[in-house]
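# Please find the sequence and the predicted model below.
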Amino acid sequence: MRPGAFLLRLASTDRPRFLVLVLALTFIVFALTTRDFATIYNTFNMTQYGVEIGLLALGETLVIISGGGSIDLSVGSVLSLSGVVLGMLTMWLRLDVWVAAPLGVLSGGALGALNAFLITRVGIPALIVTLATLYAYASAALVLTDTVPISGLPQTYFVLGQGQVLGVPLQVVVVFLPVALVLHALLRHTVFGRALYGVGTNEVAARFAAINVQALRFWVFTLSGLLAGLAAAVMTSRVASARPDAGFGYELQAITIAVLGGTSIMGGEGTILGTILGVLVITVLSNGLQLAGVHPIWQLGAVGVVLVMTVLLNQWLARRRLRTAPRAA
Amino acid sequence: MTILLAADKVSKSFGGVHALRQVDFELRAGEVHALVGQNGAGKSTLIKILSGALLADTGQISYEGRRVHLSSPKVAQDMGIATVYQDPLVYPELNAMENIFMGRELRDRFGHVDWRAQHQRATQLFTELGVAPTFLLEPMGRLSIGLQQLVLIAKALSYASKVIILDEPTAILTQGETERLFTVVRRLRDARLGVIYISHRIEELFAIADRVTVMKDSEVRGTFAAAEISRDRLIDLMAGHVARAEMQAGRRIGDPILTVRGLVVPPRVKGVSFDLRRGEVLGMFGLVGSGRTDIAHALFGITQPSEGTITFENADVSVADPQDALGKGIAYLPEDRKAQGLFLRLPVRFELSAAILRWLRRFLGAVDRAQEERTGRDLVAALAIRTPGLETPANALSGGNQQKVLLGRWLARQPKILMLDEPTRGVDVAAKEEIHDRIFQLAAGGVAIIVISSELPEILKVSDRILVMHEGHVTAVLDRSEATSEALLRAATGERREYAGTPA
Amino acid sequence: MRALPLERPGTPAAGLRSRGAALVRSREATVVAFIVLLGLYLEVATGRFLTLDNLGNVLLSSAGTAIVALGMTLVILTGGIDVSVGSMLGVVSVAVGYAAAAGWSLIAIILVALAAGTLLGSVNGVVIAFGGIMPIIATLGTLNILRALTFQLLRAKWISDLPATLSTFGLGLALHVPVAAWVALGITLAFLYLAVRRPLGRHIYAIGGNAEAARLAGIDLVRATLFVYAITGMLVGVAALIYVGQTGIVQSNSGVGFELQVIAAVVLGGTSILGGRGSVAGSALGAFLVAEIKNGLTLLNISGLAEGMVSGVLILLAVGLDRLRARGRRA
């Protein structure tokens, strides 16, 4: 088989495997061309930058799988606002930071639940609701702080975002991997996961199979908020302050990563593994470009190129498969 | 007499199954020609061939005396053959006038949409139809189905059609709307158009048709002047004689498990009462839109009745939603397998466990995968579902096996009441037999079963009792001994006769 | 807005109401009522709203949003969306900035802006119409790519000290009204004409309403899709002229978040995000309302930071009330 044909087959059959390939190729290219890239230090260190956006992308994955046009544009703003809540509880109400942090995370869940309420109970399309709360939450964060980042958090808290275990950033070990594992188990091995794919694939059939569609969507949007709150807790620790604009623009990156990882915007398809690989590809790309002296903005540009190319390739392959399928049968 | 459209010895088969056999049909200018027959008799295949949606295998179609090749609906349309389908294809947000002209707008010399001309033309079209054009500027989605149909008829007229095919136009119309449609159809006839009118409703045919062609088992049984054929003869030709299977030995029908009194489900069910007993198969027969499916939806909690009582296991109940229904032991196999039933892209294992997820829940919400697979394997074996494996997506299976998968999903729940809506639609003969056998087995095991079907032979074969519906009312409840296809068709077309057990 | 000549019926009632009905018109009336009531309140509360200067400011700040919102309305009517307009605005602004800095004539700069915008919009259109990619995904991709391109073109600097060539667009007045507002009004009229009188405009509504029926009716879906994205790009070109003329500076973050303002204006104007229903006039009014709110916050000395909260709540209220009204009608 020609290598080209092999690549195509790989991409068409299995998005995760295709992404592993992309990841390996990217890594090799940077290792050969960029100094300091392929060091153990850098390899481990760069993963910390993927944690926050990765958590958002995981939430987005759940939301998009649930189908029916579900999407969460507000994750970046939820991150900003729940970070501010964390900061305020610590600095203004003088709560212990280890008490304030979980409360900050929960506030993210509450913001997500508000989205969920408007979508499932009032019946406003998710795109509109989360577009509106994208504005509203971001603005609330700015108003509460008057645009000034909340700093002066206790040093002990910074261990979460700046500490390391055996050279691996702490937040990867104690936050991202456990969360990803739990979500993977949730999707693959629980009743909730089964119902989620069912609803995303065929909402009407799910209803006739006595699956509670609205309750499911409610939890998915709430979870997405919760994960954004968690991302805020990590980021506040990593940058040592609660910035009111911390999550600005993150929503689009999060969606991009989820789709790159094989989540279908039509719902019903997508995996945690795929999204993790999506985060890795984006992280390696950003880091490599950064070390190569390319400005951070091109990380986004590269994300865009990778996204469009991946989906185009996927579409093309799907059509080819459709055309060739009858002959095979 | 000018012959507008004619089919000469047309045959068509799908995968070796004959849908049409040597069919002759002709439509004259200035006549309303009714086409009648049971579901599956071949009416829709013939219509599809005449409207260009299907090509005949053999035989010829001629139009205005010339042999024609109707390769697509567009070709037929351009020649002047227009079809108005039962479910109108409309732009719900655009107004009625725009729906008429969309894609072929009247334009002025600058290429603008000429609203004035369109408005005039639409007004004129409706005037020709004898309908006051008061709704031209209303969004289509807010018009009743009846008015939407009239708009589509006006649309057909707007491109100078000579033949108009109406596919079961009255199935979902109210009495008033039907009258109005008849007035319109008569005007079309008087304007020398040819109208092909498909309907199940016998009494309507006598009100509107000049000639009637009866189809049965993929063949034409005859064409008659409406004035010269009796209602009884027509029903006889349509029904033929259906052999009935003998009642299975060892079946014992028990006490009522479900009692429904005065059930009203807007908009179609207008007061229905019946009992369902343990171990009984209750057939529900009636035309599309007569309210059969709506009753099942109400009992399954998909819709809410506005009036009436439901007594289940001697207690008055209400069914809030499908979860509630399943909790009580009431299951429903929906009529549209692809839209409402299967997830299709997901593996057979999931299709089979979708309704028992709650039972598979273990520690922390985990699915008991071993139990899930065991259940799946058991069901595949019990129902003889032909699938490469449990992980095969359902859309890779044949229609019959898909239906068995869906049946399996509900059997896994071990329901006390199982409602099956068109359980063998689009299913091959062998699978159909298997599904029927399974229905008998379940009933023998004490499950109370409701079978909703449009197929007479099926209803006659599986039912212990048959409840016949017409426009939201029960018109007959027939015991197995007195159920004949004639009696069923009569009751389904609205003839109310006193049978033993008919609720007042 | 009452005197829009094209909305005055050629056929009594027909021309006006044919646009898709009372439903939409009532929504436009709601937006106008909102605008008027808010205006009255601001005037009573501050005494500074109904001045020529202030109204001019509101018009000026709504012009760019309104212009792009017109194109976005067509995109959303077909059932699509374009989230790349903000990044597009960035790239076109850079082109405009360089052209102005190089001392090109006004005509040449205008041509550059329109050509660049149309080109970028067409890329979206081609990817969506021929590539078969969901609009949200395709334009999400170009959003990122074009933002990076803006940065690349500026090479980490910004363009300022521009010659006055473009200031007419940004700051000029004609009959006491900003030139930009006249431009927006003109384009709104042109779009009303397109949406109401041209077959293509009607086809766009049809596609969003029922794509399958439209295809069977022989409507060219590819052509219409290409058109709506390309024209949106072109309008971004116009908005870029106004933007650069107004601020006199082009930075790498020019136009960031612009897409959300535009979508908000369209949604406030009553266009259904699901396609098929909406109005271009409503979107222009929606853009004005957004600008008026921003202005009101300034006048009331409320921190401009609260703007997002106010518009967010407003969007939810407008759409939420619509939903409730729709439910009431069905019952």
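That came through fine.
# Residue ranges in the stretch 201-329 of chain A under the pLDDT threshold?
A:314-315, A:317-329 (pLDDT under 70).
# Now with 50, please.
For the stretch 201-329 of chain A, the stretches with pLDDT under 50 are A:325-329.
# can you list contacts of stretch B:364-384?
The contact list for stretch B:364-384 (C-beta atoms under 8 Å, 6 or more residues apart in numbering or on different chains) reads A:185-186, A:189-194, B:348-349, B:352-353, B:356-357, B:360-362, B:385, B:387, B:390, B:404-405, B:407-408, B:411-412, B:434, B:438. All C-beta atoms are positioned from the backbone trio N, CA, C, and that covers glycine.
# What subset of these is buried?
The neighbour-count test (16 or more other C-beta atoms under 10 Å in any protein chain shown) marks A:186, A:189-194, B:348-349, B:352-353, B:356-357, B:360, B:385, B:387, B:390, B:404-405, B:407-408, B:411-412, B:434, B:438 as buried among the contacts of stretch B:364-384.
# you'd agree residue B:295 is up against residue B:263?
Yes: the criterion here is C-beta atoms under 8 Å, and residue B:295 meets it with residue B:263 at 6.7 Å.
# Stretch B:332-352 near chain A at all?
Yes: using C-beta under 8 Å from any C-beta of the partner chain, stretch B:332-352 reaches chain A at B:332, B:334, B:339, B:340, B:341, B:342, B:343, B:344, B:345, B:346, B:350.
# List buried residues within those residues.
B:332, B:334, B:340, B:341, B:342, B:343, B:344, B:345, B:346, B:350.
# of all the residues of stretch B:332-352 next to chain A, which two lie farthest apart?
Greatest spatial distance in these: B:332 and B:345, 22.5 Å, computed using C-beta to C-beta.
# The residue of chain B found nearest chain C: what's its closest spatial neighbour, skipping adjacent residues?
Going by C-beta to the nearest C-beta, chain C is nearest to residue B:103 of chain B, at 3.1 Å. Nearest non-adjacent residue to residue B:103, counting by C-beta to C-beta, 6 or more residues apart in numbering or on different chains: residue C:217, 3.1 Å away.
# What's the separation between the one you found and residue C:74?
Look at residue C:217 and residue C:74: by C-beta to C-beta, to the nearest Å, they are 19 Å apart.
# residues contacting the residue of the stretch 151-300 of chain C found nearest chain B?
In the stretch 151-300 of chain C, the residue that lies nearest chain B is residue C:217 (3.1 Å; C-beta to the nearest C-beta). Residue C:217 sits next to B:102, B:103, B:104, C:206 when contact means C-beta under 8 Å, 6+ apart.
# Report the central residue of the chain.
Here I'm looking at chain A. residue A:57 (1.1 Å; C-alpha atoms, centre = their mean).
# The intended chain is chain C.
Centroid-nearest residue in chain C, with C-alpha atoms, centre = their mean: residue C:69, separated by 1.6 Å.
# Quick check, that one in contact with residue C:282.
No: at 9.4 Å, residue C:69 and residue C:282 do not qualify as touching, with contact defined as C-beta under 8 Å.
# Please identify every residue contacting each of those two.
Shared contacts of residue C:69 and residue C:282, defined by C-beta under 8 Å, 6+ apart, are found at residue C:269.
# quick one: contacts of stretch C:98-116?
C:91-92, C:95-96, C:153, C:159, C:161-163, C:165-166, C:168, C:234, C:237-238, C:240-241, C:244.
# Mind doing that once more with 6 Å?
Stretch C:98-116 is contacted from outside by C:92, C:95, C:96, C:159, C:162, C:165, C:166, C:234, C:237, C:240, C:241, using C-beta atoms under 6 Å, 6 or more residues apart in numbering or on different chains.
# Let me have the residues of stretch B:332-352 next to chain A in TSV, adding pLDDT and secondary structure as columns.
Converted to TSV, these look like this (pLDDT from 0 to 100; DSSP: H, G, I helix; E, B strand; the rest coil):
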residue	pLDDT	secondary structure
B:332	95	strand
B:334	93	coil
B:339	86	helix
B:340	90	helix
B:341	90	helix
B:342	92	coil
B:343	91	coil
B:344	85	coil
B:345	86	coil
B:346	89	coil
B:350	92	helix
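# Make a markdown table out of those residues and add distance to residue B:482.
As requested, those are arranged in a markdown table below (distance: C-beta to C-beta, whole Å):
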| residue | distance to residue B:482 |
| --- | --- |
| B:332 | 28 |
| B:334 | 30 |
| B:339 | 36 |
| B:340 | 34 |
| B:341 | 34 |
| B:342 | 37 |
| B:343 | 42 |
| B:344 | 42 |
| B:345 | 47 |
| B:346 | 45 |
| B:350 | 44 |
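# Out of those residues, flag the one nearest to residue A:116.
Once C-beta to C-beta is applied, the member of the residues of stretch B:332-352 next to chain A that ends up nearest residue A:116 is residue B:343, at 23.4 Å.
# now the nearest residue to residue B:37 once chain neighbours are set aside: how far from residue B:36?
Nearest non-adjacent residue to residue B:37, counting by C-beta to C-beta, 6+ apart: residue B:215, 3.6 Å away. For residue B:215, the distance to residue B:36 equals 7 Å [C-beta to C-beta].
# do stretch A:256-275 and chain C meet?
Yes: Stretch A:256-275 lies within reach of chain C by C-beta under 6 Å from any C-beta of the partner chain, at A:256, A:259, A:265.
# excluding its backbone neighbours, what's nearest the second one?
Using C-beta to C-beta, 6+ apart and skipping residues adjacent in sequence, the residue nearest residue A:259 is residue C:137, 5.7 Å away.
# OK, contacts around the one you found?
Going by C-beta under 6 Å, 6+ apart, residue C:137 touches A:259, A:265, A:311.
# Now, those that are in helices?
A:259, A:311 (DSSP state H).
# just the buried members of the contacts of residue C:137?
For the contacts of residue C:137, buried by 16+ other C-beta under 10 Å: A:259, A:265, A:311.
# Might you enumerate the residues of the stretch 201-329 of chain A proximal to chain C?
Counting by C-beta under 6 Å from any C-beta, the stretch 201-329 of chain A sits next to chain C at A:252, A:256, A:259, A:265, A:297-298, A:300-301, A:303-305, A:307-308, A:311-312, A:315.
# one step back: buried residues in the one helix or strand the residue nearest to the centre of chain A maps to?
Using DSSP states H and E, residue A:57 sits in helix A:47-65. Within helix A:47-65, the residues that count as buried by 16+ other C-beta under 10 Å are A:47-65.
# now do stretch B:310-323
Quick answer for stretch B:310-323 (16+ other C-beta under 10 Å): B:310, B:312, B:317, B:319, B:322, B:323.
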